[in-house]
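Student: sequence unknown, structure follows:
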């Protein structure tokens, strides 16, 4: 952490000024120390990362722990194939026709906050681009220890900064950032609405907010997802990862059938008429059994673990999102809805 980043930080509770106590004389590169707020509460700085997590919400702590666990398993998501697959999905959702244009969008900003950066996987698609000019300040924030993985993966890049912080209690003043990015994170908090409004708070007027959240599914899929999530809730992370193997095997077996069916509208199950691959039909409408033959088996397990393990994994409707954006003074410029979720590009009014 350096002084440029230090000047952005405030108390996450009331946005008041913090006092820095560094453990070394060179305050241009602060590795360890702490911040002290006006109530004499300490926030540690460890391994160059300020730590502001003060939540005692059991569900949030479990969710944080599950993501810290999965993002440390770098061999289950960090392959070139996994990254290329994700990049194409992101470009489609956010409406960019190339990684170069996506990178140019963030190049045009002064200060970008990545809420729920995890290991930095999503942002790395443009941060690692040769077109990234690195004049923009990038700040990765995550509630979990995955932020240490993000620092390990991306901290060597100029003008990148990291903070361990709760999306609902961001340690930044109003209007600090002219762009906020949050890929698949807001729904992993106690309240998607509260997380969205928290993100909107730190945006400047005219600032851009790009985010993706889960979409509410049909009745059988919703029931099955909650049932499986509850069944593994008492397991350890390792046990839950292992439990995902059978679901992944089932997804693979269904995909390898390579069979399609034509269906009429089935209103009671919220299934629209059309021709469906059997694996996709079950995946979207009955139980998430992710399988992509381009990825390794463990990379597929990673995706299923990501869905089922966290306590908090709220699903919402497009109407919910529109209402919450209006509440947060956000004007929606693009709303992309598919079977999996809702992707929004919005501007702070």
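Tutor: That came through, no problem. Only a predicted model underlies this, so the values are computations on that prediction, with no experimental measurement involved. Numbering: from 1, shown residues only.
Student: quick one: strands adjacent to the strand of greatest length in the chain?
Tutor: The longest strand of the chain (DSSP state E) is strand 203-214. Next to strand 203-214 in the sheet, as set by DSSP bridges, lie strand 177-183 (parallel), strand 341-348 (antiparallel).
Student: what's the most buried one of the ones you listed?
Tutor: Stretch with highest mean neighbour count among the strands paired with strand 203-214: strand 177-183 (a mean of 24; mean count of other Cβ atoms under 10 Å). Yep, even glycine has a C-beta here, placed from its N, CA and C like the rest.
Student: wait, what's in contact with residue 324?
Tutor: Contact analysis of residue 324 by Cβ atoms under 8 Å, 6 or more residues apart in numbering lists 192-193, 196-197.
Student: Can you report how many residues lie near the closest residue to residue 185 other than its chain neighbours?
Tutor: In space, and not counting its chain neighbours, residue 185 is closest to residue 116: 2.8 Å by Cβ to Cβ, 6 or more residues apart in numbering. For residue 116, the tally of surrounding residues (other Cβ atoms under 10 Å) stands at 28.
Student: Now do the phi/psi pair for residue 116.
Tutor: Backbone geometry at residue 116, expressed as degrees, to the nearest 10, gives phi 80, psi 50.
Student: Correct me if wrong: it contacts residue 187.
Tutor: No. The pair residue 116 / residue 187 is not scored as a contact, 9.9 Å apart, by Cβ atoms under 8 Å.
Student: still on that earlier bit, so what's the residue nearest to residue 185 scoring on pLDDT?
Tutor: pLDDT, the model's per-residue confidence, is 98 for residue 116.
Student: For it, which residues are in contact?
Tutor: 141-143, 167, 182-186, 188.
Student: can you pick the most crowded of those?
Tutor: residue 142 leads those on contacts (other Cβ under 10 Å) with 30 neighbours.
Student: Find the residue closest to that residue in space, skipping its chain neighbours.
Tutor: residue 117 (5.0 Å).
Student: Distance of residue 31 relative to residue 5?
Tutor: 13 Å (Cβ to Cβ, to the nearest Å).
Student: what does residue 32 give?
Tutor: 15 Å.
Student: Which one of those two is surrounded by more residues?
Tutor: More crowded of residue 32 and residue 5, by other Cβ under 10 Å: residue 5, with 18 against 14.
Student: Now do the contacts for the more buried one.
Tutor: Residues in contact with residue 5 (Cβ under 8 Å, 6+ apart) are 137, 139, 161.
Student: Tell me which helix or strand the residue nearest to residue 142 sits in.
Tutor: Assignment of secondary structure by DSSP states H and E places residue 117 within no helix or strand.
Student: Touching, it and residue 140? I think so.
Tutor: Yes. Using Cβ under 8 Å, residue 117 is in contact with residue 140, at 3.4 Å.
Student: following the longest strand of the chain, which helix or strand shows up next?
Tutor: helix 219-231.
Student: Near residue 333, how many residues? Count them for me, please.
Tutor: Residue 333 has 13 nearby residues by other Cβ under 10 Å.
Student: Now do the same for it: its pLDDT.
Tutor: Reported pLDDT at residue 333 in the predicted model: 98.
Student: And the contacts of residue 116, which is closest to residue 41?
Tutor: residue 143 (17.8 Å; Cβ to Cβ).
Student: gap between the closest one and residue 335?
Tutor: Applying Cβ to Cβ to residue 143 and residue 335 gives a distance of 26 Å.
Student: cool, and residue 97?
Tutor: In terms of Cβ to Cβ, residue 97 sits 18 Å off from residue 335.
Student: For the two, work out which one has more neighbours and name it.
Tutor: More neighbours surround residue 335 than the other of residue 97 and residue 335, with 14 against 9 (other Cβ under 10 Å).
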